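Give me a 3D structure for the following:
(chains A, B and C)
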Amino acid sequence: MLLTRLAQVSREVAATSARSRKTALLAELFRDADPDDVPVVIPYLAGRLPQGRLGIGWKVLGRRVPPADAPSLTVREVDERLTAIGAVSGTGSQAERARLTGELMGRATEEEQRFLVGLITGEVRQGALDAVAVEGLAQATGAPPTDVRRAVMLAGSLQTVAQALLAEGPAALEAFRLTVGRPVLPMLAHSASSVAEAVGRLAGCAVEEKLDGIRVQVHRDGGTVRLYTRTLDDITDRLPEVTSAALGLKGERFILDGEVIAFDTEGRPRSFQETAGRVGSRVDVATAARAVPVSPVFFDALSVDGRDLLDLPLTERHAELARLVPEPMRVRRTVVAGTADPAAAEGFLAETLERGHEGVVVKALDAPYSAGRRGAAWLKVKPVHTLDLVVLAAEWGHGRRTGKLSNLHLGARTADGSFAMLGKTFKGMTDELLTWQTGRLKELAVDTDGHVVTVRPELVVEIAYDGLQRSSRYPAGVTLRFARVVRYREDKRPEDADTVDTLLAAHPEALR
DNA sequence: TTCCGACAGTGGGGTCGCAAT
DNA sequence: ATTGCGACCCCACTATCGGAA
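Numbering: from 1, shown residues only, chains lettered A, B, ... in the order given. Model (predicted):
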């Protein structure tokens, strides 16, 4: 199959907003694909590269290469070339990757170039990723969408399922079962603004502490243990102490879900930055492990002794977890009956925060483990802080925000009356607000480099955030975590904005 | 007819590791 | 030795479609 066909379909998919039409377009293409092309065509149309990382980004792709006049590239040839680019390593590799990329781009037409750049950067912007591709695949093969979706969750990969499905038909889905050693997409949580709201939405729930670490899925089969992240990357080699902990449990075969986190000598959680740095260390693991040892803390059991627990209610899965894992290695929790006063749950949240944790996750007791879904059965609740800050500058947006000033530079007052930048945010704005702020900020503009528009520091904006973290990038040495706009405060003047000092005083733990 | 669940899009900061400077 | 870049952790929020209520 020619790449140009994919580029055209991608353009058509992007052009329609109807999801049903997107699905139909993808299904038609999947039906036409040669079985040998399927492992490439499916991920490409889902907006992803089968190779994963290539080591090339905007720096290289930004270089203009004259496009070919006529399409000639086949998808298989593109795949081979990209595999070759990803395999380049050693001194001079960056130049070599850039050269090979330029060569490939030179063979592509303008439309194909756009498609390839989107694929490589992960920004196809066609309004259809995995979920729509799954629907299209189901439509193309006549398999029930629910079954295809489930197979993808269990395989952890759309590509694997697509290949089997197109080769053998719907019967092939049977083979995708929960298997120890093969990671499944983890279940995710929605947000709720308070414990009372979360408890009210679920009839009978467990309230569990939410640890600010790295999600981990632990597979043990006898003496073999494998550890996977949220995106199913294998991190076994980086966390030997977690492997040891899994081998110490009284079970031979299991899959557990939990969090890895570093604790200090008093048993309080260390900062997210410390835990994440440790989990990210790959080269000198022994040294990293001595400096920042981590512990697994589990909250769910997906499989025990060959028994698949995914469809069982949380209550039963947790009973299995409790049989297998001693209490100190489990997330603390309390169970709240459907009719109970939420005060008990509120108390549990307060206690959890007191212990230095991030918040709680409220989970429906009767819900199964919905792999890969962000179901309403799990609701996270974290305290939210707010500040009044001053807009120092704004950046022009991309995609659907093209032509709008989108990303705000936020400043707090300092002792000398100037403003110190604390970070940026593009979150929380409606289209209406986006339009308004573009107009208002243009009035305040004093300078621009083409992308960043500097403004007079007069506009006050209320910002919600989750906490402070250390920063080497910003002058105050700290930055806001997950900052988002709540509303503009035109009733406030810049001199009314919050100061760096009050901010630091409000978060003493961030500077420990 | 209205409501709501699921998705895609729009990017944020930090850290690590590799290659280039 | 330092800097730049890509990958991958953590993530909030809004708009939209289409099925459920």
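
Residue A:148 reaches residue A:140, doesn't it?
No: the criterion here is Cβ atoms under 8 Å, and residue A:148 misses it with residue A:140 at 10.1 Å. Glycine gets a C-beta too; all of them are placed from N, C-alpha and C.

So for those two, which residue has more residues nearby?
residue A:148 (25 against 22; other Cβ atoms under 10 Å).

tell me which element the more buried one falls in.
helix A:145-155 (DSSP states H and E).

Which strands or helices does that helix pack on?
Where contact means 3 or more Cβ pairs under 8 Å, 6 or more residues apart in numbering; DSSP states H and E, helix A:145-155 is packed against helix A:130-141, helix A:158-168.

Who are the packing partners of the last one?
In this case it means helix A:158-168. Using 3+ Cβ pairs under 8 Å, 6+ apart: helix A:158-168 touches helix A:38-45, helix A:130-141, helix A:145-155.

Out of these, flag the one nearest DNA strand B.
Ranking those by proximity to DNA strand B (Cβ to the nearest atom of the strand) places helix A:130-141 first, at 3.4 Å.

contacting residues around residue A:486?
By Cβ atoms under 8 Å, 6 or more residues apart in numbering, the contact list for residue A:486 reads A:386, A:428, A:461-464.

Could you report the pLDDT at it?
Residue A:486 is assigned 94 on the pLDDT scale.

ok, it to residue A:176 distance?
44 Å (Cβ to Cβ, to the nearest Å).

now swap in residue A:364 and tell me
26 Å.

give the contact list for residue A:12.
residue A:25.

That one - that's part of a helix, no?
Yes: counting by DSSP: H, G, I helix; E, B strand; the rest coil, residue A:12 is found in a helix.

ok, now how distant is it from residue A:18?
On the measure of Cβ to Cβ, residue A:12 and residue A:18 end up 12 Å apart.

Highest neighbour count among the contacts of residue A:486?
residue A:463 (25 neighbours).

Could you see whether DNA strand C lies near the helix or strand hosting that one?
Per DSSP H and E, residue A:463 falls inside strand A:460-465. Yes: Strand A:460-465 is in contact with DNA strand C by Cβ under 7 Å from any atom of the strand, via residue A:464.

following that strand, which helix or strand comes up?
strand A:467-470.

Contact residues of the stretch 101-250 of chain A facing DNA strand C?
So the stretch 101-250 of chain A meets DNA strand C at A:191, A:212, A:214-215, A:229-231, A:233, A:235 (Cβ under 7 Å from any atom of the strand).

From the residues you listed, pick the one nearest DNA strand B.
Nearest member of these to DNA strand B, counting by Cβ to the nearest atom of the strand, is residue A:214, at 10.2 Å.

from the stretch 401-512 of chain A, which residue is nearest to DNA strand B?
For the stretch 401-512 of chain A, Cβ to the nearest atom of the strand, closest residue to DNA strand B: residue A:471, 2.6 Å.

Phi first, then psi, for that residue.
phi -140, psi 140 (degrees, to the nearest 10).

The residue lying farthest from the centre of chain A in helix, strand or coil?
Of all residues in chain A, residue A:416 has its C-alpha farthest from the mean position, at 39.5 Å, by Cα atoms, centre = their mean. Taking three-state DSSP as the rule, one finds residue A:416 in the coil state.

Read off the pLDDT value for it.
93.

repeat for residue A:340
67.

Then residue A:374?
So residue A:374 comes in at 67 (pLDDT).

anything in the strand holding residue A:463 sitting right up against DNA strand B?
No: judged by Cβ under 7 Å from any atom of the strand, strand A:460-465 stays clear of DNA strand B, getting no closer than 10.4 Å.

model confidence over that strand, on average?
96.

what comes into contact with that strand?
A:384-391, A:408, A:410, A:425, A:428, A:480-490, A:492-494, A:496-497.

From the residues you listed, list the buried ones, please.
A:384, A:387-391, A:408, A:410, A:425, A:480, A:483-485, A:488-489, A:494, A:497 (16 or more other Cβ atoms under 10 Å).

Please name the residues that touch the closest residue to DNA strand C within chain A.
Of all residues in chain A, residue A:57 sits closest to DNA strand C, at 2.7 Å by Cβ to the nearest atom of the strand. Contacts for residue A:57 (Cβ under 8 Å, 6+ apart) come out as A:120-121.

for it, phi and psi?
Taking degrees, to the nearest 10 as the convention, residue A:57 sits at phi -140, psi -150.

With residue A:199 instead?
phi -60, psi -40.

Output the set of residues of the stretch 251-400 of chain A in proximity to DNA strand B.
A:273, A:276-277, A:280-284, A:373-376, A:395, A:397-400.

Quick one: low-confidence residue ranges for the stretch 401-512 of chain A.
Regions of the stretch 401-512 of chain A meeting the criterion pLDDT under 70 cover residues A:511-512.

quick one: the helices in it?
Counting by DSSP state H, counting those that start in this stretch, the stretch 401-512 of chain A has helices at residues A:431-444, A:500-506.
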